[in-house]
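Novice: What follows is a predicted structure for the sequence shown.
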Amino acid sequence: MLRQPKAAKAVNKTTARGITTARKVAMKKTPVKTAKKSIVKTSKASFSAAAAASDEYDLVVIGGGPAGYVGAIKAAQLGLKVACVENRGSLGGTCLNVGCIPSKALLNSTHHYYDAKNHFKSLGIEGGEGVSMNHEAMMKTKEGVVTGLTKGIEGLFKKNKVAYVVGKGKITGTNDVTVALNAGGSQSLKAKNIMIATGSEPSVIPGVVVDEERIVTSTGALSLKAVPKRMVVIGAGVIGLELGSVYSRVGSDVTVIGNVNRIAVGVDSEVATAMQKTLTKQGLKFKLGVAVQSVVRKGDEVEVTINKDGATEVVTVDTVLLSTGRKPFMQGLGLEEMGIKFGRSIDINEHYQTNIPNIYAVGDVAGNKPMLAHLAEEEAIAVAENLAGKHGHVDYNSVPSVIYTNPEVACVGASEDDLKAQNIPYKVGKFPFLANSRAATNLSKDGIVKIMACSKTDKILGVHMMGPTAGELIAETVIAMAFGASSEDLARICHPHPGFSEAVGEAAKATAFGKAIHF
Ligand SMILES: Cc1cc2nc3c(=O)[nH]c(=O)nc-3n(C[C@H](O)[C@H](O)[C@H](O)COP(=O)(O)OP(=O)(O)OC[C@H]3O[C@@H](n4cnc5c(N)ncnc54)[C@H](O)[C@@H]3O)c2cc1C
């Protein structure tokens, strides 16, 4: 564990009490007695300005997203003195402010609306067809959720004594972070270690002008003023399929355009094909294997010119969502000046160190791996643990990912396509939700669980599924994979009846013994 120098300990006491930078400067010139008085007086001062000008920290984190805030809290819990610098004005990063959380809030609202309109009758509930959507109220609910959760992190910072510095951080020395404070002025932080966790931003098609009104990224799509009548979603990945579903459910005529001949790249192709069929039944249209030539706003409309096999087509809509991926955000960090190596993202070694050993990088901004909030968190925890003399580690073979459409699509590990491409001997077991009793009671029989295991050792290599609560069901298989389970191990586990998780148990039986019981 890192020991705090005496001077740092003294400062720590004061920062926990929330002294503003100006106060701190004043205190330096003030006799101790008066200073103590000031401490009491300023105890309600802005928490965001808690760090003092000459503070030395064991760890300064730049970025308050899932990587940064979780890393800061974990390091503080392990006894380190920590500051977290965030310029957004609210903690939680992309995930809580303009990513995972607001998108799931909109998916939840629109799911209930769609369900009422389309499925209540079959459940014996009358009147569902007549429900209407209050767009403004839905957005307000979403904003309430975001505010509640982001404020919650401020509370966690206070509880764990992490100093929250509101401003833009720049690395100005191996042990120095200079913060351009949002409130004006600047603040220098001394850092034994620095963790870069500045995340990512939407990557857009070159030449396309994003106005976040008619031509929007995911950020704009999460706050549209009204439901567009016609919408094009460019990009058939996670974000495009989720936000395309949101607007399709509330009445938009949504066309998803993708540059390859399938959706949800990375998901097992059999599962992805089933997903496309389901989404098509729900009203989404797909134009796949097409090249986008231009996206141009013309008044209140947007013209999207696409080309497939040499044939050009112009699609005119009200709103275009660009969901063509995200890129690491590295601007203004001082990487060039410091000689920190980066390409598309920041270069790191297996301990998340940059080429300057006490400067780390984690989450979306670092390395080459999926951009996921839970992965960002785990990486930051590993760094915090290593700094505290423990052995932080992330198991990249068992990182789940979920698409929160209805039904949900979830996967961990290799797909059947991966195993084929890599010539790895495997066996596969499948079980459809059509044959699952809980899915029958809930009239949600769409979907399948696929479990791939090594044909020699039976070790589970991957699980890909679509089905009700797949995003939760995947957790069981993540545990199995993390513990190196075989498909037989999973097959012999007792699953609650009637439950969706029985489909996982049945797929495991199909993998281990060649046959499921109920199919
Ligand atoms: C619409 C959408 C839906 C998503 N859904 C999911 C999902 O369901 N599940 C999932 O796992 N992932 C999801 N993601 C991805 C997820 O949001 C990211 O993987 C995750 O937020 C990455 O965390 P991070 O901490 O690395 O970066 P970020 O969350 O991007 O946080 C970085 C923070 O650093 C701050 N920052 C940048 N530079 C500076 C600086 N110089 N000084 C101070 N602060 C700075 C930024 O303001 C930002 O708040 C979604 C993303 C989007 C856009």
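Specialist: Structure received.

Novice: List every C-alpha atom in stretch 228-242, with coordinates, as CSV.
Specialist: Output of stretch 228-242 as CSV, limited to C-alpha atoms (Å, rounded to 0.1, in the frame of the first residue of the first chain):
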residue,chain,number,x,y,z
PRO,A,228,-39.3,11.9,-36.5
LYS,A,229,-41.7,10.6,-39.1
ARG,A,230,-38.9,9.0,-41.1
MET,A,231,-35.5,8.2,-39.8
VAL,A,232,-32.4,6.7,-41.3
VAL,A,233,-29.9,5.0,-38.9
ILE,A,234,-26.5,4.7,-40.4
GLY,A,235,-24.7,1.8,-38.7
ALA,A,236,-26.3,-1.6,-37.8
GLY,A,237,-24.3,-2.1,-34.6
VAL,A,238,-25.4,-1.9,-30.9
ILE,A,239,-26.2,1.8,-30.7
GLY,A,240,-28.0,1.9,-34.1
LEU,A,241,-30.2,-1.1,-33.3
GLU,A,242,-31.1,0.1,-29.8
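
Novice: Quick check: buried residues in it?
Specialist: For stretch 228-242, a neighbour-count test (16 or more other C-beta atoms under 10 Å) marks 228, 230-242 as buried. The way it works is simple: take the backbone N, C-alpha and C, and place the C-beta from them, glycine included.

Novice: For the stretch 351-500 of the chain, give me the ranges with low pLDDT.
Specialist: By pLDDT under 70, the stretch 351-500 of the chain contains no weakly predicted segment.

Novice: residues from it in reach of the ligand?
Specialist: By C-beta under 6 Å from any ligand atom, the residues of the stretch 351-500 of the chain that approach the ligand are Gly363, Asp364, Val365, Met371, Leu372, Ala373, His374, Ala376.

Novice: which residues touch the fifth one?
Specialist: Shown in contact with Leu372 (C-beta atoms under 8 Å, 6 or more residues apart in numbering): Val399, Ser401.

Novice: same question, Gly244
Specialist: By C-beta under 8 Å, 6+ apart, the residues touching Gly244 are Met231, Val233, Val254, Val256, Leu279, Leu284, Leu321.

Novice: how far away is it from Gln276?
Specialist: 12 Å (C-beta to C-beta, to the nearest Å).

Novice: what's the answer for Ile424, then?
Specialist: 26 Å.

Novice: Close to the ligand: what parts of the chain are there?
Specialist: 62-68, 85-88, 93-95, 99-100, 103, 168-169, 197-200, 218, 239, 329, 332-333, 363-365, 371-374, 376.

Novice: Show only the entries of those residues found in strands.
Specialist: Members of these lying in strands (criterion: DSSP state E): Ile62, Val85, Glu86, Lys168, Gly169, Ser200.

Novice: so the fourth one touches Thr178, yeah?
Specialist: Going back to what we said before, that points to Lys168. No: with contact defined as C-beta atoms under 8 Å, Lys168 does not reach Thr178; the gap is 9.3 Å.

Novice: So if I had to pick from these two, which one is more boxed in?
Specialist: Between Lys168 and Thr178, Lys168 has the larger neighbour count (other C-beta atoms under 10 Å), namely 20 against 17.

Novice: Now the element after the host helix or strand of Ser248, going C-ward?
Specialist: Per DSSP states H and E: Ser248 is located in helix 238-249. Per DSSP H and E, the first helix or strand lying C-terminal to helix 238-249 is strand 253-258.

Novice: helices and strands around that next one, which ones?
Specialist: For strand 253-258, the contact count by 3 or more C-beta pairs under 8 Å, 6 or more residues apart in numbering; DSSP states H and E identifies strand 230-234, helix 238-249, strand 285-288, strand 311-317 as packing neighbours.

Novice: From the residues of the stretch 351-500 of the chain next to the ligand, keep the buried residues only.
Specialist: Gly363, Asp364, Val365, Met371, Leu372, Ala373, Ala376.

Novice: Now the fourth one: closest residue in space, sequence neighbours ignored.
Specialist: This means Met371. Computed as C-beta to C-beta, 6 or more residues apart in numbering, the closest residue to Met371 that is not its neighbour in sequence is Asp364, at 4.5 Å.

Novice: my guess is that neighbour meets Arg326, correct?
Specialist: Yes: using C-beta under 8 Å, Asp364 is in contact with Arg326, at 6.8 Å.

Novice: any common contacting residues for these two?
Specialist: Ser200, Met371.

Novice: Identify the residues contacting the residue nearest the centre of the chain.
Specialist: By C-alpha atoms, centre = their mean, the chain has its centre lying nearest to Ala373, at 3.5 Å. The neighbours of Ala373, taking C-beta under 8 Å, 6+ apart as the test, are Gly65, Pro66, Cys95, Gly99, Cys100.

Novice: List the ones among these that fall in helices.
Specialist: Pro66, Cys95, Cys100 (DSSP state H).

Novice: By neighbour count, which of those wins?
Specialist: Busiest of the ones in helices among the contacts of Ala373 [other C-beta under 10 Å] is Pro66, holding 30 neighbours.

Novice: If the nearest residue to Leu335 once chain neighbours are set aside is in a bridge, with which residues?
Specialist: By the measure of C-beta to C-beta, 6+ apart, the closest residue to Leu335 outside its immediate chain neighbours is Phe342, 5.6 Å from it. With beta bridges defined as DSSP bridges, Phe342 has these partners: Ile346.

Novice: can you pull the contacts of the one residue in the stretch 251-400 of the chain that gets nearest to the ligand?
Specialist: Nearest residue of the stretch 251-400 of the chain to the ligand, counting by C-beta to the nearest ligand atom: Gly363, 2.3 Å away. Going by C-beta under 8 Å, 6+ apart, Gly363 touches Gly63, Gly65, Pro66, Ala67, Gly68, Ala197, Gly199, Leu375, Ala376, Glu379, Ala380.

Novice: Please read off the pLDDT at the third one from the model.
Specialist: To tie it back to what came earlier, the one meant is Pro66. Among the per-residue scores, Pro66 holds a pLDDT of 98.

Novice: wouldn't it be in contact with Ile381 here?
Specialist: No: taking contacts as C-beta under 8 Å, Pro66 lies outside contact range of Ile381: 10.5 Å.

Novice: Now Ala380: closest residue in space, sequence neighbours ignored.
Specialist: Nearest one to Ala380, counting by C-beta to C-beta, 6+ apart, is Gly71 at 2.9 Å.

Novice: What helix or strand is Val409 located in?
Specialist: Going by DSSP H and E, Val409 is in strand 408-413.

Novice: same for that strand, what does it pack against?
Specialist: helix 269-281, strand 401-403, strand 460-467, helix 470-482.

Novice: Let me have those in JSON lines, extended by distance to Val295 and mean neighbour count.
Specialist: Shown next, in JSON lines, are the helices and strands packed on strand 408-413 (distance: least, C-beta to C-beta, whole Å; neighbours: other C-beta atoms under 10 Å):
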{"stretch": "helix 269-281", "distance to Val295": "22", "mean neighbour count": "18"}
{"stretch": "strand 401-403", "distance to Val295": "24", "mean neighbour count": "21"}
{"stretch": "strand 460-467", "distance to Val295": "30", "mean neighbour count": "29"}
{"stretch": "helix 470-482", "distance to Val295": "32", "mean neighbour count": "19"}
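
Novice: with the buried ones among the residues of the stretch 351-500 of the chain next to the ligand in mind, which one is nearest to Ser398?
Specialist: Leu372 (12.6 Å; C-beta to C-beta).
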